[in-house]
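S.K.: From the sequence below, what's the structure:
(one chain, ligands or ions: 1)
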Amino acid sequence: MVIFIKNTGILSRESPGISEVITRVEKDLGELKELLTRYRTSISIIDLMPMIHEPSLTKFISEFLMNNNKVAYLGPEGSYSHEVALQLFSKNADLTPLKSIGDIVKCVYQGDCGFGVIPIENNQAGVVGESMDSLVKWGVYVNHAVEYKVSLCLVVNEGTNINDINEVYSHPHAINEALNFISRLNASINYTQSTSEALRLIKGYRHKAAIASRIGAEIHGLRPLICGIEDNPNYTRFLVISRHMGRIGDRTMAIFSVPNKPGSLFNALKPFADLGINLSMIYSRPNRASPWGYDFLLETECQLTNEACRRAFDELSDMAVYVKLLGSYSIMRIY
Ligand SMILES: O=C(O)C(=O)Cc1ccccc1
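M.R.: Coordinates of the predicted model:
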């Protein structure tokens with residue numbers, strides 16, 4: 001592993017002070033090994049181990065190991081994002097609840113958080129606008145995607161029964177995903193920053209209910225009255241973001257904008273069709289800075305180390321006003 005240091009061209013075994021550096025690196029790599037054995041799942045860091053000679057990867061891992069094991073998620077505790085973060089990162093990660101998605105992306109961009117976990121898309125409610133807006137605004141990269149089966153519960157305080165409820169609290173996506181069920185309650189709807197924030201807000205109120213997870217209800221000492229209230233099978237995709245671009249994995253994400261003229265979106269996407277690359281997701285959002293301009297969030301089924309993939313993105317750049325490549329990554333499914 002120390003040989004890797006030589007490959008970067010930064011140091012050689014003859015460089016002055018090298019023995020201290022080697023000792024430190026060996027210690028770090030020891031910690032890395034320990035960390036990897038502690039990982040509970042096959043998160044891509046394990047998958048990426050064979051590529052440890054990649055400088056960018058080592059930098060990516062070492063940031064996590066040496067000074068930034070802070071993993072930000074949408075808090076407070078007991079949100080779906082928290083559940084995903086718990087599944088992905090070891091107990092030694094410093095899981096940090098933040099109050100908005102914007103705060104998570106900013107924290108990662110500024111380097112105060114090593115990683116962030118954000119919801120990006122739901123199969124019923126579509127793109128999570130705040131996540132897309134934050135990816136447009138801040139320069140961060142996507143390292144992993146997780147498809148998570150979300151079962152929604154109607155959560156109440158001990159002693160509340162369904163007829164007592166006249167106010168329902170939750171994240172807009174959770175409300176949207178259980179709208180048929182909620183409309184039968186005849187209760188007013190209150191939107192919150194997260195499902196776990198809803199749990200926090202209903203505590204102690206007999207007439208209030210939250211739409212949240214069973215685990216979240218337990219964490220907050222509340223009672224899941226009915227679970228599985230989603231209108232249809234419900235899946236949310238989460239992204240793990242960091243400051244380092246990944247190039248390995250069968251999906252690649254980018255944000256771009258095209259000139260407002262005939263055929264420009266068609267021409268921007270044509271290279272993917274011509275090169276036989278499938279598009280797995282595309283969303284548009286109004287660009288906040290230019291009225292009636294749009295940003296597009298694109299996910300393709302290709303990997304940046306692949307020649308055709310790079311070519312398609314190069315050609316997209318030729319047509320676009322701008323392209324922000326968010327990197328390649330793989331998708332993990334947790335059902
Ligand atoms: O609010 C949460 O628990 C989140 O993590 C965001 C979210 C909201 C609704 C469904 C899935 C994720």
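
S.K.: Just confirm residue 254 is within a helix.
M.R.: No. Under DSSP: H, G, I helix; E, B strand; the rest coil, residue 254 sits outside any helix and is assigned strand.

S.K.: isn't it right up against residue 320?
M.R.: No. Counting by CB atoms under 8 Å, residue 254 sits too far from residue 320 to count as a contact (9.1 Å). C-beta: built from backbone N, CA, C; applies to glycine.

S.K.: so what's residue 162 up against?
M.R.: Taking CB atoms under 8 Å, 6 or more residues apart in numbering, we find residue 162 in contact with 154, 185, 225-226.

S.K.: top of those by neighbour count?
M.R.: For those, counting by other CB atoms under 10 Å, the largest number of neighbours falls to residue 154: 25 neighbours.

S.K.: Kindly export the helix or strand hosting it (C-alpha atoms) in PDB.
M.R.: If you go by DSSP states H and E, residue 154 is part of strand 153-156. Taking Å, rounded to 0.1, in the frame of the first residue of the first chain, the C-alpha atoms of strand 153-156 are listed here in PDB:
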ATOM      1  CA  CYS A 153     -47.200   4.700   9.500                       C
ATOM      2  CA  LEU A 154     -49.800   6.900  11.100                       C
ATOM      3  CA  VAL A 155     -48.100   7.700  14.400                       C
ATOM      4  CA  VAL A 156     -49.900   9.100  17.500                       C
END
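
S.K.: Going by contacts, tell me the helices and strands next to the longest strand belonging to the chain.
M.R.: Using DSSP state E, we find that the single longest strand of the chain is strand 322-334. When contacts are defined as 3 or more CB pairs under 8 Å, 6 or more residues apart in numbering; DSSP states H and E, strand 322-334 packs onto helix 44-48, helix 80-88, strand 141-149, strand 251-257, helix 307-319.

S.K.: Let's see that with 6 Å instead.
M.R.: Here strand 322-334 touches strand 141-149, strand 251-257, going by 3 or more CB pairs under 6 Å, 6 or more residues apart in numbering; DSSP states H and E.

S.K.: Those into CSV, with extra columns for mean neighbour count and distance to residue 240?
M.R.: Formatted as CSV, those follow (neighbours: other CB atoms under 10 Å; distance: least, CB to CB, whole Å):
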stretch, mean neighbour count, distance to residue 240
strand 141-149, 21, 4
strand 251-257, 22, 12
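
S.K.: And the ones you listed, which one averages the lowest pLDDT?
M.R.: Note on those: lowest mean pLDDT is at strand 141-149, with a mean of 93.

S.K.: The strand holding residue 154 - contacts with which helices or strands?
M.R.: Counting by 3+ CB pairs under 6 Å, 6+ apart, strand 153-156 packs on strand 208-212, strand 223-227.
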